[in-house]
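Chemist: pasted the sequence and its predicted model underneath.
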Amino acid sequence: MAFVAFDLDNTLGYFDTVAPLAFFMSPEFIQNPEEGPTNPLVISKRLRTKLAHIRKELAAELLKRPDLLDAVLRPNLDDLIKPILKHGATVIIYSNTGNTLSTHLAKDMIERKYRCPGLIQLIADVFHPLRKPETTGKRGADGFRNPQKHFPVLERLLQAASNRHEPIHPDQILFVDDKTPMHPIAEAIPRGLTYIKPTAYAPRVSERQRQGILEIALGLMDRAGLLSDEEYLGSAFCFRRIHRMEGVVTLRGFPDLFSYVWKTMHKTNHPLSTWKEDTPMIQSEMRRFFRQ
């Protein structure tokens, strides 16, 4: 049996531009251990259901826009996903992000694009309980968690995703992550682990693409009635304090929230160089893994 673990950002795609939309529509994100303590969120099941529907529709709408896709998904994603669909594997996302909108958007977009519902069986972001050995008390200079990934945690995540208790040998596992330097998981390569390190995907996202993504999100929110929903407009989505390195941002209503999201979308990193084609390497490594 094969097992595959994907990193998220710069590996499956570039989610920095869409990530700020979590402030609009992801209760899980604004309740996480970094965002939640100063902003308790109490909303009804009705509103949670509405927000979940909007997030699902966001994936569908982005897939309808070829002009926006390369601002989100890796152009050669086919070469990573299609071999898995052909041969079969237990697949997880193993990411250091705490942004639940990004991880679930990636899952929804991939499963819709390749018509494979349920392909990604587990999402292990930085707050996943099985990652505590990696994440407890560990923050970077920016104040956020960015832990190293280790083989014992990877194995436990794959066991959870596949509902099995027996050990998983490294030669059954494909790990895909763009990080430089490589994670300590690389120590399992001599024991058979396949570690693909693709070129980090960080495209130059145009102003038109940023605006297009935001317009899709606002259109979905409007059609769902969110922009006139009194519960939403009076909730901690719109009235909250956001702690950032540069200080505290105080939101006093939806106009402030919109302004914050728009400005944050424009603060995403602009890469110094364009993405370098790595398709032949990925194709070769995927063939080698599934033939062994």
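Modeler: Looks like it arrived, so ask away.
Chemist: so the most centrally placed residue in the chain is in which element?
Modeler: Centroid check for the chain by CA atoms, centre = their mean gives Thr103 as the closest residue, at 2.7 Å. Element membership of Thr103, judged by DSSP states H and E, is helix 100-113.
Chemist: follow-up on the earlier one: which residues does the residue nearest to the centre of the chain contact?
Modeler: Neighbour list for Thr103: 8, 93, 95, 97, 123, 125 [criterion: CB atoms under 8 Å, 6 or more residues apart in numbering]. The way it works is simple: take the backbone N, C-alpha and C, and place the C-beta from them, glycine included.
Chemist: after the one helix or strand the fifth one maps to comes which helix or strand?
Modeler: Ile123 is part of strand 120-124 when elements are defined by DSSP H and E. Once strand 120-124 ends, the next helix or strand along the chain (criterion: DSSP H and E) is helix 132-135.
Chemist: follow-up on the earlier one: what's the strand holding Ile123 in contact with?
Modeler: 90-95, 103-104, 106-107, 110-111, 130-131, 157, 160-162.
Chemist: neighbouring strands - and their directions - for it?
Modeler: strand 90-94 (parallel) (DSSP bridges).
Chemist: going through the contacts of strand 120-124, which ones are buried?
Modeler: 90-95, 103-104, 106-107, 110-111, 131, 157, 160-162 (16 or more other CB atoms under 10 Å).
Chemist: show me where this structure has strands.
Modeler: With DSSP state E, the ranges of strands along the chain come out as 3-6, 90-94, 120-124, 173-176, 194-196, 239-244, 247-252.
Chemist: these: lowest mean pLDDT?
Modeler: Of all the strands of the chain, strand 239-244 carries the lowest average pLDDT, namely a mean of 88.
Chemist: what is that one packed up against?
Modeler: strand 247-252 (3 or more CB pairs under 8 Å, 6 or more residues apart in numbering; DSSP states H and E).
Chemist: and the angle from the strand it packs on to strand 239-244?
Modeler: 160 degrees (axes from the mean of the first three to the mean of the last three CA atoms, to 10 degrees).
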